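In: build me a model:
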Amino acid sequence: VQLQASGGGLVQAGGSLRLSCAASGRTLSSYRMGWFRQAPGKDREFVASISVSGGSTYYVDSVKGRFTISRDNAKNTVYLQINSLKPEDTAVYYCAILRGNSRQVDYWGQGTLVTVSS
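Out: Next up, the predicted model:
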C-alpha cells in the first residue's frame with residue numbers, strides 16, 4: 001500500500017490548510033486511520049484518528065477544536081482540516097493505517113510539511 005499525503009505549505013498563524021491522504025494498492029475502508037506529526041527536533045506524535053465508518057474520531061488535546069479528521073471511503077482518502085494554525089503546529093504531517101483499535105501504525109505515508117509563520 002502507498003499513502004500519499006498532500007496539502008501542506010506555508011501559512012500565516014491563524015490560517016487554515018486541508019491535508020489529504022490518498023491510498024493506492026489497498027482499500028482504506030477497512031482500517032482505522034490516523035494523522036501524526038513531527039516537529040523539528042521532536043519525536044513524532046499522534047494527532048488524530050478516525051474509525052472505519054468515520055463516526056468516531058479522537059484528537060490529542062493540543063488540537064481539539066482546531067483540527068478535524070474525516071474520510072471519504074469512496075475516494076479512498078482521509079483528510080485533516082487544520083484551522084487557527086499556530087507556529088507550534090509547524091511539523092511534517094504523516095497519515096497512517098492504524099493497527100486494530102490502537103495507535104500503533106501498520107503503514108506510514110510519506111509526510112507533508114506544514115510551516116506556520118507568526
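In: how about stretch 59-72 as CSV, C-alpha atoms only?
Out: Output of stretch 59-72 as CSV, limited to C-alpha atoms (Å, rounded to 0.1, in the frame of the first residue of the first chain):
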residue,chain,number,x,y,z
TYR,A,59,-7.8,14.1,18.9
VAL,A,60,-4.8,15.0,21.0
ASP,A,61,-5.7,17.8,23.4
SER,A,62,-3.5,20.4,21.8
VAL,A,63,-5.5,20.3,18.5
LYS,A,64,-9.0,19.8,19.8
GLY,A,65,-11.4,22.3,18.4
ARG,A,66,-9.0,23.3,15.6
PHE,A,67,-8.3,20.1,13.7
THR,A,68,-10.9,17.8,12.1
ILE,A,69,-10.2,14.4,10.7
SER,A,70,-12.5,13.0,8.1
ARG,A,71,-12.6,10.3,5.5
ASP,A,72,-14.2,9.6,2.1
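In: residue closest to the middle of this structure?
Out: residue 35 (2.9 Å; C-alpha atoms, centre = their mean).
In: can you give me the distance of that residue to residue 25?
Out: Separation of residue 35 from residue 25 (C-beta to C-beta, to the nearest Å): 20 Å. Just so you know, the C-beta spots here come from the backbone N, C-alpha and C atoms, and that holds for glycine as well.
In: correct me, but the residue nearest to the centre of the chain touches residue 57?
Out: No - assessed by C-beta atoms under 8 Å, residue 35 is found out of contact with residue 57, at 10.6 Å.
In: anything in contact with each of the two?
Out: 48, 49, 69 (C-beta atoms under 8 Å, 6 or more residues apart in numbering).
In: element containing the second one?
Out: Counting by DSSP states H and E, the element that carries residue 49 is strand 44-50.
In: which helix or strand contains residue 116?
Out: Going by DSSP H and E, residue 116 is in strand 112-117.
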